[in-house]
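Engineer: pasting the sequence and the predicted coordinates here, then a few questions.
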Amino acid sequence: MSLPLWANPLLQGLSFWIGYKKQLYPHYPLSEGAIVGESQNLLYSRLEKGQKLFCEYPYSKIIDLPETDNRADLVILENDLPSVVIEVKRYEAGIKLIYSDFEKLSSIKVDNNKIRCFVLLISQQKIPTHFVRKDGIANRGIYIYNSIEFSVIRNCKASSSLKEGAAQNANYATLIEIL
């Protein structure tokens, strides 16, 4: 699958924005809500004609589910139909919560394979080693977790140094697609 037009600007913008926020608040980890808000700004600037962006969009409007409180972090509608669903997760939240988002998004793919589903993974000053190599490069390829196929399709990092080992303390924005 091709990389969405919004992917590079979103990932690059977020990785530098994280570094900027770290300079302002060196002892404060960014909340998922703050990351969703900035992602919304960056995505909105890249919408194409006929697309609309929603934050905290009910899953029940995407797939046939009993009424729940589950909401997708970001959803792009194309001609008033969901075309992209993005769950934002901090790597520091833990792999179990990340895989939980894989499961939610997988239920969408099973119901409607035309909807592209992504996890936007953010990591402050730590390599997200489950999805990125020690040198800071994305682990490309197709992987399987609990019968869910996924692919790390893009990774951006921003570091305050180009020295060897700088990847260890960089800020990462990684896009994972549920296949």
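Structural biologist: Structure received.

Engineer: can we go C-alpha only for contacts and neighbour counts from here?
Structural biologist: Noted.

Engineer: any stretches of this protein with poor pLDDT?
Structural biologist: Applying pLDDT under 70 to the chain flags residues 1, 65-69, 160-167.

Engineer: residue closest to the middle of it?
Structural biologist: Of all residues in the chain, the one closest to the mean position by C-alpha atoms, centre = their mean is Leu120, 0.7 Å from it.

Engineer: three-state assignment of that one?
Structural biologist: Following DSSP: H, G, I helix; E, B strand; the rest coil, we place Leu120 in the strand state.

Engineer: show me what contacts it?
Structural biologist: By C-alpha atoms under 8 Å, 6 or more residues apart in numbering, the contact list for Leu120 reads Ile86, Glu87, Val88, Lys89, Ala173, Thr174, Leu175, Ile176.

Engineer: and the strands in the protein?
Structural biologist: For the chain, applying DSSP state E gives strands covering 51-58, 71-78, 81-90, 116-123, 142-145, 148-158, 171-178.

Engineer: got TSV for these, with distance to Leu5 too?
Structural biologist: Formatted as TSV, the strands of the chain follow (distance: least, C-alpha to C-alpha, whole Å):
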stretch	distance to Leu5
strand 51-58	13
strand 71-78	13
strand 81-90	12
strand 116-123	13
strand 142-145	21
strand 148-158	12
strand 171-178	13
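
Engineer: among those strands, which is the most enclosed?
Structural biologist: strand 171-178 (a mean of 26; mean count of other C-alpha atoms under 10 Å).

Engineer: fine by me, thanks again.
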